[in-house]
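Peer 1: okay, predicted coordinates and the sequence, questions at the end:
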Amino acid sequence: MTKPDSPVLLDVRGLHASVAGVPILKGIDFTVRAGEVHAIMGPNGSGKSTFSKVLAGHPAYEVSAGSATFQGGDLLALEAEERARAGFFLSFQYPIEVPGVANAQFLRLAYNTVQGARGKDELDPLEFDDFVREKMKLLEMDPAFLDRSVNAGFSGGEKKRNEILQMALLEPSLAFLDETDSGLDIDALRIVAHGVNQLRNDRNAVVLVTHYQRLLNYITPDFVHVMDGGRLVKTGGKELALELEARGYDWIQKQAA
Amino acid sequence: MSGALQTLIDQPYKHGFVTDIETDTVPKGLNEDVIRLISRKKNEPDWLLEFRLSAYRHWLTMSEPEWPNVHYPAIDFQDISYYSAPKAKKKLASMDEVDPELKRTFEKLGVPLHEQAALAGVAVDVIFDSVSVTTTYKKKLADVGVIFCSFSEAVHEYPELVKKYLGTVVPPSDNFYAALNSAVFTDGSFCFIPKGVKCPMELSTYFRINTQESGQFERTLIVAEEGAQVSYLEGCTAPKFDTNQLHAAVVELVALDNADIKYSTVQNWYAGDENGVGGIYNFVTKRGLCQGVNSKISWTQVETGSAITWKYPSCVLLGDNSVGEFYSVALTNHKQQADTGTKMIHVGRNTRSTIISKGISAGESNNSYRGLVKIGPKAEGARNFSQCDSMLIGSRCGANTFPYIQVQNNSAKVEHEATTSKIGEDQLFYFASRGIDAEEAVSMIINGFVKDVFTQLPMEFAVEAGRLLGLKLEGSVG
């Protein structure tokens, strides 16, 4: 459902960004309102992942022009951790492994840090254990994942579930899910999609960054955007994803050129 | 005396020695007369003088080791004064007189107040209302027959024990620095746990350091008789300054049948300024002899200080079924250099050893693990497991692993695992994207990395050591 009257969460204008001096994003305009689901699709190397990382505040990327307003404030002026505390969330395409650090400990530190920044109560280890186990049920995750090291030795699907678990804990107002469907088998895809749908409400929004339309069978987008050469070259409804699946990206690239 | 000068003299750590240096220090340089003088000043028996002289004569034939992966200007051994009379530390009347900077460090480390006082040189009875902890402690040990005293005291009180074991684990001819130490050592600790006694408390050097400094050539000897058990703690997390740059200690441990010695070290000596100037050179020989059957020696070390660390706490597993363990965390920052590890020498049958080494390098430091696992021809069924992990913080530091494995018995099993990881931009970004800032992220990653070693430390030591790592890495990320 498009929500023309609901508040704007994110408003990106003319965003240019580069990494190591190489321009990747070449003028992106993008608006997300509360309650919406967007999908950003596009061929490899089109800049989809870069766009997510730039918004999340990865230090390797340099914004050379443009603006990004998040919930009325200047997103680009914030450090990465401040963006997370403010309610911006990125689910990683390749979640980082942290050997030796128990997942439960990591999740609790993240949860309490974000809660504290939002003026809410922090949880002690016992309270948190109950709380996180409840959230894990949503994703059909085995509680044994709490005791394992963060992402270490997790399968691709387990890592992605762990990402969505973090989304469930941090309750972001805007979540970018970068290639969340890659590495998932069909059952895991269904579970993860179900989890994301459960977390949606009319105050938050989700942006799905993906190659394939299969995730969109489970999480229905209000808008589908095609990124190519660092720009959003086409925007449509969910039927655009099906068309891309059938025809590939060539025809859009030709249209854009 | 002017007020400014008084203030300078009153500083507890950096310049905290107020006795007139000229009168009780021998002139610089080393020769047989100096050694005779040291021995005479300490009123030593002839056999100990002979021990020193023979070590010195051997030292003259040796040359400084050049194989460690560390670099420093040549040391002029004739430019060192080898003896200062033991000096009482300056006593402060209350905690109010302690340097605020030092207090801040103590608070960050979570050092208990009474320990802070003792470390800073505040008279203990001021804090404890005339109840002397040290006296109570000594009495409790004496009741079970445990001897724990300074090395000098042991030479006079228990000469037979010292004579029997001194130099049996680390012979004076062992290496350049061990020979030097054997010739000129000034003081240290002696500890003896008689047959069948389980030492009722952890023995900590902290109870010994209140009154006197041991000097730069420290000598420690610990003997556990049949079935005896002891846990010994050396050092502390608080920063330690010393006006002597070169330190060459020798530690010898002897475990007889079924004895168990656990030796834990936390070292935070002055590492020099950010350019590495003025830091301590720590060239130590530590070795334990599992002489008896079923004996066990376990080394745990947390090395965070010194400009240069050259140290390989080792085990000679002579008795059948004896066990050697080495758990180490070595952290280097700025321009620090560490070449540290262990030697596990399997001689007896069914001997087992475990090596867990965690090296953390930050800044422009260089951190090397060097370890030898040697299985002798008679060591039927010997086993070793080694795990050597390195972590790099930033891109200007270095980590090296030099494992040496020598096996002369084909029934032996030797395993070696090694990993290198890096705390880099991507890892920190992952934490940041969950709201966690760089400092907390590093602390969490490091604590996870060293967990396997820290669980070996006595608990209150482990908590302090964890904070110490955080403190040493302050500002190294970002």
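Peer 2: That came through fine.
Peer 1: burial count for B:E32?
Peer 2: Residues lying near B:E32 (other CB atoms under 10 Å in any protein chain shown) number 13. Using the backbone N, CA and C atoms, a C-beta is placed for each residue, glycine as well.
Peer 1: so it is in contact with B:L53, correct?
Peer 2: Yes - assessed by CB atoms under 8 Å, B:E32 is found in contact with B:L53 at 6.2 Å.
Peer 1: where's whichever residue of the stretch 251-400 of chain B sits closest to chain A, which helix or strand?
Peer 2: With CB to the nearest CB as the measure, B:D389 is the residue of the stretch 251-400 of chain B nearest to chain A, at 8.8 Å. For B:D389, the host element (DSSP states H and E) is strand B:383-393.
Peer 1: using the three-state scheme, assign B:L331.
Peer 2: strand (DSSP: H, G, I helix; E, B strand; the rest coil).
Peer 1: swap in A:T235?
Peer 2: A:T235 ends up strand, using three-state DSSP.
Peer 1: quickly list what it is bridged to.
Peer 2: Note on A:T235: beta-bridge partners by DSSP bridges are A:H225.
Peer 1: so it sits against A:F223, correct?
Peer 2: Yes - between A:T235 and A:F223 there is a contact under CB under 8 Å: 6.0 Å.
Peer 1: so for those two, which residue has more residues nearby?
Peer 2: Shown here are A:T235 and A:F223; by other CB under 10 Å, A:F223 has more neighbours (19 against 14).
Peer 1: doesn't A:I252 lie inside a helix?
Peer 2: Yes - under three-state DSSP, A:I252 falls within a helix.
Peer 1: number of residues surrounding it?
Peer 2: Neighbour count of A:I252, defined by other CB under 10 Å: 20.
Peer 1: can you check A:G27 too?
Peer 2: Burial of A:G27 is recorded as 13 neighbouring residues (other CB under 10 Å).
Peer 1: any idea which helix or strand carries the residue lying closest to it once chain neighbours are set aside?
Peer 2: With sequence-adjacent residues excluded and distances taken as CB to CB, 6 or more residues apart in numbering or on different chains, A:G27 is closest to A:G14, at 5.3 Å. Following DSSP H and E, one finds A:G14 within strand A:8-19.
Peer 1: using PDB, write out every CA atom in that strand.
Peer 2: Below are the C-alpha coordinates for strand A:8-19, written out as PDB (Å, rounded to 0.1, in the frame of the first residue of the first chain):
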ATOM      1  CA  VAL A   8       8.400  10.800   5.400                       C
ATOM      2  CA  LEU A   9      11.100   8.600   7.100                       C
ATOM      3  CA  LEU A  10      13.900   9.000   4.600                       C
ATOM      4  CA  ASP A  11      14.400  11.500   1.900                       C
ATOM      5  CA  VAL A  12      17.500  11.200  -0.300                       C
ATOM      6  CA  ARG A  13      18.300  14.000  -2.800                       C
ATOM      7  CA  GLY A  14      20.900  13.900  -5.500                       C
ATOM      8  CA  LEU A  15      23.200  11.600  -3.600                       C
ATOM      9  CA  HIS A  16      26.700  11.000  -5.000                       C
ATOM     10  CA  ALA A  17      29.200   8.800  -3.300                       C
ATOM     11  CA  SER A  18      32.600   7.200  -4.100                       C
ATOM     12  CA  VAL A  19      35.000   4.600  -2.600                       C
END
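Peer 1: can you tell me the element A:A193 falls in?
Peer 2: Using DSSP H and E, the element containing A:A193 is helix A:186-199.
Peer 1: do B:V450 as well
Peer 2: Going by DSSP H and E, B:V450 is in helix B:438-454.
Peer 1: now the helix or strand following that helix - C-alpha only, PDB.
Peer 2: For helix B:438-454, the following helix or strand on the C-terminal side (DSSP H and E) is helix B:459-472. Taking C-alpha atoms only, helix B:459-472 is exported to PDB below (Å, rounded to 0.1, in the frame of the first residue of the first chain):
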ATOM      1  CA  MET B 459      39.000 -14.600  39.300                       C
ATOM      2  CA  GLU B 460      39.700 -11.200  40.800                       C
ATOM      3  CA  PHE B 461      42.900 -11.100  38.800                       C
ATOM      4  CA  ALA B 462      41.000 -11.900  35.600                       C
ATOM      5  CA  VAL B 463      38.600  -9.000  36.000                       C
ATOM      6  CA  GLU B 464      41.500  -6.500  36.600                       C
ATOM      7  CA  ALA B 465      43.400  -8.000  33.700                       C
ATOM      8  CA  GLY B 466      40.400  -7.500  31.400                       C
ATOM      9  CA  ARG B 467      40.200  -3.800  32.300                       C
ATOM     10  CA  LEU B 468      44.000  -3.500  31.900                       C
ATOM     11  CA  LEU B 469      43.800  -4.700  28.200                       C
ATOM     12  CA  GLY B 470      41.100  -2.000  27.600                       C
ATOM     13  CA  LEU B 471      43.200   0.600  29.200                       C
ATOM     14  CA  LYS B 472      46.300  -0.300  27.200                       C
END
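Peer 1: helices or strands up against helix B:459-472?
Peer 2: Applying 3 or more CB pairs under 8 Å, 6 or more residues apart in numbering or on different chains; DSSP states H and E, one finds that helix B:459-472 makes contact with helix B:100-109, strand B:260-267, strand B:296-303, strand B:323-332, helix B:438-454.
Peer 1: lowest average pLDDT across the ones you listed?
Peer 2: Here those differ in mean pLDDT, and the lowest is helix B:100-109 at a mean of 65.
Peer 1: OK, now which residue of the stretch 301-450 of chain B is nearest to chain A?
Peer 2: Nearest to chain A, among the residues of the stretch 301-450 of chain B, is B:G448, at 3.0 Å (CB to the nearest CB).
Peer 1: run through who's touching the helix holding B:V450.
Peer 2: With contacts defined as CB atoms under 8 Å, 6 or more residues apart in numbering or on different chains, helix B:438-454 is touched by A:98-102, A:105-106, A:109, A:113, A:149, B:300, B:302, B:327-329, B:356, B:358, B:360, B:387, B:389, B:391, B:393, B:421, B:423, B:427-428, B:431-432, B:436, B:462, B:465-466, B:469-470, B:473-474, B:476-478.
Peer 1: for the residue of the stretch 251-400 of chain B closest to chain A, give me its contacts.
Peer 2: So B:D389 contacts B:357-359, B:418-421, B:449 (CB under 8 Å, 6+ apart).
Peer 1: can you say which of these are buried?
Peer 2: With burial judged by 16 or more other CB atoms under 10 Å in any protein chain shown, the buried subset of the contacts of B:D389 is B:357-359, B:421, B:449.
Peer 1: hang on, B:I436 packs against A:L109?
Peer 2: Yes - if you go by CB under 8 Å, B:I436 and A:L109 touch, sitting 5.9 Å apart.
Peer 1: settle it for me: which of these two has more neighbours?
Peer 2: Comparing B:I436 with A:L109 by other CB under 10 Å, the one with more neighbours is B:I436, at 24 against 20.
Peer 1: what helix or strand does the more buried one sit in?
Peer 2: Counting by DSSP H and E, B:I436 is held by no secondary-structure element, helix or strand.
Peer 1: can you tell me how far it is from A:D124?
Peer 2: Between B:I436 and A:D124 the computed distance is 18 Å (CB to CB, to the nearest Å).
Peer 1: so which bits of stretch B:352-361 are buried?
Peer 2: Residues of stretch B:352-361 classed as buried by neighbour count (16+ other CB under 10 Å): B:352-361.
Peer 1: how about A:S64, secondary structure?
Peer 2: Using three-state DSSP, the secondary structure recorded for A:S64 is strand.
Peer 1: check A:K53 too.
Peer 2: Going by three-state DSSP: A:K53 is helix.
Peer 1: my read: it touches A:Y61, true?
Peer 2: Yes - counting by CB under 8 Å, A:K53 touches A:Y61, with 5.9 Å between them.
Peer 1: and those two? which has more neighbours close in?
Peer 2: Taking neighbours as other CB under 10 Å, A:K53 and A:Y61 compare with A:K53 leading, 24 against 19.
Peer 1: look up how far chain B lies from that one.
Peer 2: 8 Å (CB to the nearest CB, to the nearest Å).
Peer 1: then A:D250?
Peer 2: Counting by CB to the nearest CB, the separation of A:D250 from chain B is 33 Å.
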